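A.B. asks: Quick one, what's the 3D model for this:
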Amino acid sequence: MQATKLNIAVGIATAGRREVLAEMASFLARQQRLPDLLVICPVGPNDVDMAELQRFPRPTLVVNGPVGLPAQRNRILSAVTDADVIVFFDDDFFADERYLANIETLFSDHPDVSAATGYLLADGAVGPGLTVAQGLDIVRSDRGWMRSDVPMFDFDGTYGCNMAFRLEPVRRYKILFDENLPLYGWQEDIDFSMQLQPHGRIVKSEALRGVHLGIKIGRTSPSIFCVRERCRGSTPECSWDVIYWPTWREAFAPSHGLTGKVV
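C.D. replies: Prediction:
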């Protein structure tokens, strides 16, 4: 069955990764189904190679906003007024060329889905990171992958390097990324998708494939560690604690039995 035509926007928040972003946008231009709009929100004007961006085969928009990943993504949301679906990619995520075509099929065939995230062929965030060349090699080596029964299953939340949202419930319920989170906004992806959970399924699909380089430069708050705690009773449902390394490691974590990662 042919997928219903949707208006799909791609949004990229970026900071200090001009060359990587240019490579990523160039590779994104090879999608079998191109985005209807590419929106980039940089921290500063030098974060975007405008000459390279002008080569992108679909309309592009560069928007300015407050520094910080949650704020930048909210600025992108405010700019995609005509889109049915917003796909957020990290500036160091290289998507399989069928990614957006499969997004359109998924959201068309499953109107009960409000959010989707994909399958990582490799994730440099859990190690020293990958180079652009390494990431491209991995994506290209996966091009022969094809299944008629692609697994899709309900999932606890989306992964910020590649996640898509149906915008109708986002607009109706005025859902935004929490700008009170640290600038780099670790787990802002989970927070946003969980706000959507009452309004549709959150799924993970192996048809949405790509590589996250996990580059260690360009982050706006490299020394902040954040932990999400769910509270019950009379306290707020959720709260964020922000702890600076090594305070977290030496004082807080052992006594609370918590683990996490520096962002």
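
A.B. asks: CA atoms for contacts and neighbours, from now on please.
C.D. replies: Noted.

A.B. asks: If I look at Ala253, what pLDDT would I see?
C.D. replies: Looking at Ala253, its pLDDT is 36.

A.B. asks: Repeat that for Leu136.
C.D. replies: So Leu136 comes in at 96 (pLDDT).

A.B. asks: Tell me how far stretch 190-210 lies from the chain's centre.
C.D. replies: Distance of stretch 190-210 from the chain centroid (Cα atoms, centre = their mean, to the nearest Å) equals 11 Å.

A.B. asks: My error: substitute stretch 125-142 in the last question.
C.D. replies: With Cα atoms, centre = their mean as the basis, stretch 125-142 stands 17 Å off its chain's centre.

A.B. asks: list the buried ones in it?
C.D. replies: Buried residues in stretch 125-142, counted by 16 or more other Cα atoms under 10 Å: Gly129, Leu130, Thr131, Val132, Gly135, Leu136, Ile138, Val139.

A.B. asks: show me the contacts for the fifth one.
C.D. replies: Taking Cα atoms under 8 Å, 6 or more residues apart in numbering as the contact definition, Gly135 lies against Phe94, Ala122, Val211, His212, Leu213.

A.B. asks: Around Tyr173, count how many other residues there are.
C.D. replies: As a burial measure, Tyr173 scores 12 neighbours (other Cα atoms under 10 Å).

A.B. asks: What's the separation between it and Leu167?
C.D. replies: Note on Tyr173: its distance to Leu167, by Cα to Cα, to the nearest Å, is 10 Å.

A.B. asks: remind me which residues of the stretch 51-200 of the chain are low pLDDT?
C.D. replies: Scanning the stretch 51-200 of the chain for pLDDT under 70 picks out the ranges 144, 146-149, 182-186.

A.B. asks: can you give me the helices for the stretch 51-200 of the chain?
C.D. replies: 69-79, 99-109, 132-141, 167-172, 188-196 (DSSP state H, counting those that start in this stretch).

A.B. asks: What lies in contact with the first one?
C.D. replies: Applying Cα under 8 Å, 6+ apart, the contact partners of helix 69-79 are 11-13, 39-42, 63-66, 86, 176-179, 181, 183-185, 188.

A.B. asks: Please identify the buried residues of it?
C.D. replies: Leu69, Pro70, Ala71, Gln72, Arg73, Asn74, Arg75, Ile76, Leu77, Ala79.

A.B. asks: Rebuild those residues as JSON lines, extending it with distance to Met194.
C.D. replies: Shown next, in JSON lines, are the buried residues of helix 69-79 (distance: Cα to Cα, whole Å):
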{"residue": "Leu69", "distance to Met194": "17"}
{"residue": "Pro70", "distance to Met194": "15"}
{"residue": "Ala71", "distance to Met194": "18"}
{"residue": "Gln72", "distance to Met194": "19"}
{"residue": "Arg73", "distance to Met194": "16"}
{"residue": "Asn74", "distance to Met194": "16"}
{"residue": "Arg75", "distance to Met194": "20"}
{"residue": "Ile76", "distance to Met194": "19"}
{"residue": "Leu77", "distance to Met194": "17"}
{"residue": "Ala79", "distance to Met194": "22"}
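
A.B. asks: Tell me where the protein has strands.
C.D. replies: 8-14, 37-42, 60-62, 85-89, 93-95, 113-123, 152-154, 162-166, 201-212, 224-230, 238-244 (DSSP state E).

A.B. asks: what's the fifth one packed up against?
C.D. replies: Taking 3 or more Cα pairs under 8 Å, 6 or more residues apart in numbering; DSSP states H and E as contact, the helices and strands that strand 93-95 lies on are helix 18-28, helix 132-141, strand 201-212.

A.B. asks: and that strand, which strands flank it?
C.D. replies: strand 201-212 (antiparallel) (DSSP bridges).
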